[in-house]
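Engineer: structure of the sequence below:
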Amino acid sequence: EVQLVESGGGLVQAGGSLRLSCAASGFTFDDYAIGWFRQAPGKEREGVSCISSSDGSTYYADSVKGRFTISSDNAKNTVYLQMNSLKPEDTAVYYCAADLTGLGEYDYWGQGTQVTVSS
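Structural biologist: Below is the predicted model:
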């Protein structure tokens, strides 16, 4: 059974940092993409960042470039999202998801973790 479990969310002041973790199980971690998405109240879900576990290539949304860093530890089957210089507009529920087909289709999702940035 594929499982993704996020952790690391919380309340932080603007300018602060948080590191989110996505622990994956139930599939071979080395060959697929893991993405981070977020959804703020009243807004559509947006892609934040993703990483290909096979070659480490990454993608960042323009809104987080230079502030967020995605990384993976294949030995631990875990993907991290280091979030620095947080802004109130980063407040959202953050989800990790797995693309197991290599086609950009994220079919498996975690339960989400709340990130709240106070001004």
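Engineer: Y95 reaches W36, doesn't it?
Structural biologist: Yes. Using Cβ atoms under 8 Å, Y95 is in contact with W36, at 7.2 Å. Any C-beta I mention is one placed from the backbone N, CA and C, and that applies to glycine too.
Engineer: between the two, which is the more surrounded one?
Structural biologist: Between Y95 and W36, counting by other Cβ atoms under 10 Å, W36 is the more crowded of the two (26 against 22).
Engineer: burial measure for Q111, as a count.
Structural biologist: Q111 has 11 neighbours, counted by other Cβ under 10 Å.
Engineer: so where does the closest residue to A61 other than its chain neighbours fall, helix or strand?
Structural biologist: Using Cβ to Cβ, 6 or more residues apart in numbering and skipping the chain neighbours, the partner closest in space to A61 is V48 (5.4 Å). Using DSSP states H and E, V48 sits within strand 46-52.
Engineer: just checking: what are the partner strands of that strand?
Structural biologist: strand 33-39 (antiparallel), strand 58-60 (antiparallel) (DSSP bridges).
Engineer: tell me the buried residues in the last one?
Structural biologist: Residues Y60 are the ones in strand 58-60 that count as buried (16 or more other Cβ atoms under 10 Å).
Engineer: again with stretch 8-23
Structural biologist: For stretch 8-23, burial by neighbour count (16+ other Cβ under 10 Å) applies to 8-9, 12, 18, 20-22.
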